[in-house]
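[1] structure here, sequence nowhere to be found:
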């Protein structure tokens, strides 16, 4: 592999990894606040892409209002999932709640398939498709949008968590719901907030990636899995490590395709994340899901 | 409004078949220091948990400022002025000392979720204001110098002071302290007594559960004695020290221990 080629695979890996990173952020924030692993996280990404396509291509609404509406609508879906499926089952164990999220994801996928069909769709590029050349490697403008969006979302989330009272309350609730209640923080409001934030981040990711890599009703399955693996690298704890995890998985996948030797071929691309998951689970040996809250 | 900040009437809590608290009637006067004492398993912490809303009562009433709060969830009680600390400080780990106190300001800070998300600069200013307020409480308990340390890196005595600062930050009317003296050195206990007196001077009513008799006798104007879920005595330090039932309970405990 020449340097040019290496750079090319690296850029494509970072682009793909940025999408995984946004999915991983959603997993992390919901897990931190509720201890639930939300397997409907990939569906937020799917909805962001499918809805923005629907609004732009079928309803002819301009790009920016379409994006805002798609994200807003997905945020409402996130809130509904929490209010209808999670909160009503408050006495259920965390494992039951996780299974509920699997059911919710199947429902959303089926519903979308019924109404929007099974075809892969491509919303228009945000700013054309005139590739730029950086050190001999081609980079498409939509890829820059994806990477840039991930950076901006990560920074805003970081500022939100570290510099606002709402972020402070979310963190407090994540550490101990009991102690948080004692200072007047309602853990249910925090859980609702976490679902909404995860839906917003996921749908933003879905909307920016769709023009480049296409989207369809079932795109959330694989993205959810990759995001799950990325988030488990940091033990679902740190948003920053989840982002780094996502980009790492994306780059490894892309380079493996580039090496194109032995097991490292494009047909095994998706297996890399699964192998990574097995390794993570072996290393962390069950500590992951069994960690208890401080109280 | 009643002269009592807190009243319980026939308050009972039954866990399964076990009667943890049996028809407790008590009145806590506003602006005073009151204490609940009793041997282990007497029901002191259960009583605290009922007042703070961690558990709900099996029967009976809890009146806070004359208002029935039985079915009010814990976070609501915190926002109307009931604050508590825990026997084990229950701080927010991974957060700094300052951030811990800032969480206490949560009920007093005005912001909506959308506002926090879309108007970061405004939220940021709000957060600055609150951090200045939080430093005030840290200085009050003597932790001003430790504000940027990680909460759980503090020694136990200071962690307990931090929990008090966090509770004070909610601007409570009634402060419940669960064994504030446990695990403290004699010197730290003296500082704690001074701090509790300063809290009273701020117009906050203090109710404490404590095992340390000299600390309780020196501070509390009213002492309520529980044993096996029942109130067996109440009064000032002199009355309690002379009460035969109290002496019997405590001597009994000493023989066991």
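    Received the coordinates, thanks. From a predicted model like this one, the values you see are computed outputs, not experimental measurements.

[2] which residues are contacting stretch A:248-267?
    The set of residues that contact stretch A:248-267 without belonging to it, under C-beta atoms under 8 Å, 6 or more residues apart in numbering or on different chains, is A:1, A:5-6, A:8-10, A:12-21, A:226, A:229-230, A:233, A:268-269, A:271-273, A:276. Any C-beta I mention is one placed from the backbone N, CA and C, and that applies to glycine too.

[3] so which residues on chain A come close to chain B?
    Within chain A, the positions adjacent to chain B are A:156, A:159-160, A:163-169, A:171-172, A:175-176, A:178-187, A:193, A:196-197, A:294-295 by C-beta under 8 Å from any C-beta of the partner chain.

[4] would you list every one of the strands in the stretch 101-250 of chain B?
    In order along the chain, the stretch 101-250 of chain B carries the following strands (DSSP state E, counting those that start in this stretch): B:174-178, B:205-209, B:222-227, B:230-235.

[5] any chance of the ones you listed in a markdown table with mean neighbour count as columns?
    As requested, the strands of the stretch 101-250 of chain B are exported to a markdown table (neighbours: other C-beta atoms under 10 Å in any protein chain shown):
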| stretch | mean neighbour count |
| --- | --- |
| strand B:174-178 | 25 |
| strand B:205-209 | 24 |
| strand B:222-227 | 23 |
| strand B:230-235 | 18 |
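
[6] helices along chain A, start to end?
    Using DSSP state H, the helices of chain A run over residues A:3-34, A:41-53, A:63-80, A:94-116, A:141-163, A:165-175, A:177-182, A:187-213, A:219-233, A:239-259, A:269-284, A:287-290.

[7] nope, the stretch 1-150 of chain B is what I was after
    Counting by DSSP state H, counting those that start in this stretch, residue ranges of the helices within the stretch 1-150 of chain B are B:44-52, B:74-80, B:97-104, B:113-118, B:120-141.

[8] which of those sits most buried?
    Neighbour counts (mean count of other C-beta atoms under 10 Å in any protein chain shown) averaged over each of those peak at helix B:97-104, with a mean of 27.

[9] please name every helix or strand in contact with it.
    Counting contacts by 3 or more C-beta pairs under 8 Å, 6 or more residues apart in numbering or on different chains; DSSP states H and E, helix B:97-104 packs against helix A:165-175, helix B:120-141, helix B:156-169.

[10] quick one: which of those helices is nearest residue A:129?
    Distances from residue A:129 to each of the helices and strands packed on helix B:97-104 were compared by C-beta to C-beta, and the smallest falls on helix B:120-141, at 32.6 Å.

[11] what about residue A:195, neighbour count?
    Neighbouring residues of residue A:195 were enumerated by other C-beta atoms under 10 Å in any protein chain shown; the total is 29.

[12] any idea of the pLDDT on it?
    Residue A:195 carries a pLDDT score of 96 in this model.

[13] likewise residue A:282?
    On the pLDDT scale, residue A:282 is placed at 82.

[14] count of neighbours near it?
    Each residue near residue A:282 was counted by other C-beta under 10 Å, and the total is 9.

[15] need the residues of chain B near chain A, please.
    Taking C-beta under 8 Å from any C-beta as the criterion, the neighbours of chain A within chain B are B:52-54, B:73-76, B:78-79, B:83-84, B:86, B:90-95, B:99, B:102-107, B:109, B:111, B:113, B:116-117, B:120, B:123-124, B:126-127, B:130, B:166-167, B:169-170.

[16] ok, residue A:48 to chain B distance?
    According to C-beta to the nearest C-beta, to the nearest Å, residue A:48 and chain B sit 17 Å apart.

[17] who's in contact with that residue?
    Listed by C-beta under 8 Å, 6+ apart, the contact set of residue A:48 reads A:70, A:71, A:74, A:202, A:203, A:204, A:205, A:206, A:207, A:210.

[18] give me every residue that touches the second one.
    Applying C-beta under 8 Å, 6+ apart, we find residue A:71 in contact with A:48, A:200, A:203, A:204, A:207.

[19] list just the nearest of those residues to chain B.
    residue A:200 (8.1 Å; C-beta to the nearest C-beta).

[20] residues near the closest residue to that closest one other than its chain neighbours, how many?
    For residue A:200, the nearest residue in space outside its immediate sequence neighbours is residue A:75; the separation is 5.0 Å by C-beta to C-beta, 6 or more residues apart in numbering or on different chains. When neighbours are defined as other C-beta under 10 Å, residue A:75 has 21 of them.

[21] tell me the contacts of residue 222?
    Picking chain A for this. With contacts defined as C-beta under 8 Å, 6+ apart, residue A:222 is in contact with A:42, A:270.

[22] right idea, wrong chain: chain B
    Applying C-beta under 8 Å, 6+ apart, one finds that residue B:222 lies in contact with B:28, B:29, B:32, B:33, B:34, B:35, B:234, B:235, B:236.

[23] so how far is chain A from the fifth one?
    Taking C-beta to the nearest C-beta as the measure, residue B:34 falls 20 Å from chain A.

[24] right, and that residue touches residue B:200 too?
    No: the pair residue B:34 / residue B:200 is not scored as a contact, 10.8 Å apart, by C-beta atoms under 8 Å.

[25] tell me the residues that contact both of those two, please.
    Looking at what touches both residue B:34 and residue B:200 (by C-beta under 8 Å, 6+ apart), the common residues are residue B:206.

[26] skipping adjacent residues, who's closest to the residue nearest the centre of chain B in space?
    In chain B, the residue lying closest to the centroid (C-alpha atoms, centre = their mean) is residue B:176, at 1.8 Å. Distances taken as C-beta to C-beta, 6+ apart place residue B:84 nearest to residue B:176, at 3.8 Å, with adjacent residues excluded.

[27] isn't the one you found right up against residue B:177?
    Yes: assessed by C-beta under 8 Å, residue B:84 is found in contact with residue B:177 at 7.4 Å.

[28] okay, and the helix or strand of chain B with the least pLDDT?
    None of the helices or strands of chain B scores lower by mean pLDDT, DSSP states H and E than helix B:113-118, at a mean of 58.

[29] what residue ranges in the stretch 51-200 of chain B score low on pLDDT?
    Scanning the stretch 51-200 of chain B for pLDDT under 70 picks out B:108-120.

[30] apply 80 and report the result again.
    In the predicted model of the stretch 51-200 of chain B, residues B:89, B:107-126 satisfy pLDDT under 80.

[31] before we move on, what about chain A?
    Scanning chain A for pLDDT under 80 picks out the ranges A:1, A:90-91, A:135, A:260-269, A:284-295.

[32] hang on, the earlier thing: please, a PyMOL command that selects the buried ones among the residues of chain A next to chain B?
    Applying 16 or more other C-beta atoms under 10 Å in any protein chain shown to the residues of chain A next to chain B leaves a buried subset, and the PyMOL line that selects it is:
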select buried, chain A and resi 160+163+164+165+166+167+168+169+171+172+175+176+178+179+180+181+182+183+184+185+186+187+193+196+197+294
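
[33] ok, now which ones touch residue 100?
    No chain specified, so I'll use chain A. A:85, A:86, A:89, A:92.

[34] let me rephrase: I mean chain B.
    Neighbouring residues of residue B:100 by C-beta under 8 Å, 6+ apart: B:91, B:92, B:151, B:162, B:165, B:166.

[35] please redo it, this time with the cut-off set to 7 Å
    For residue B:100, the contact set (C-beta atoms under 7 Å, 6 or more residues apart in numbering or on different chains) comprises B:91, B:92, B:151, B:162, B:166.

[36] I'd say the first one and residue B:152 touch.
    Yes: here residue B:91 reaches residue B:152: they are 6.4 Å apart, a contact under C-beta atoms under 7 Å.

[37] the two: which is more packed in?
    Set residue B:91 next to residue B:152 and count neighbours by other C-beta under 10 Å: residue B:91 wins out with 26 against 16.
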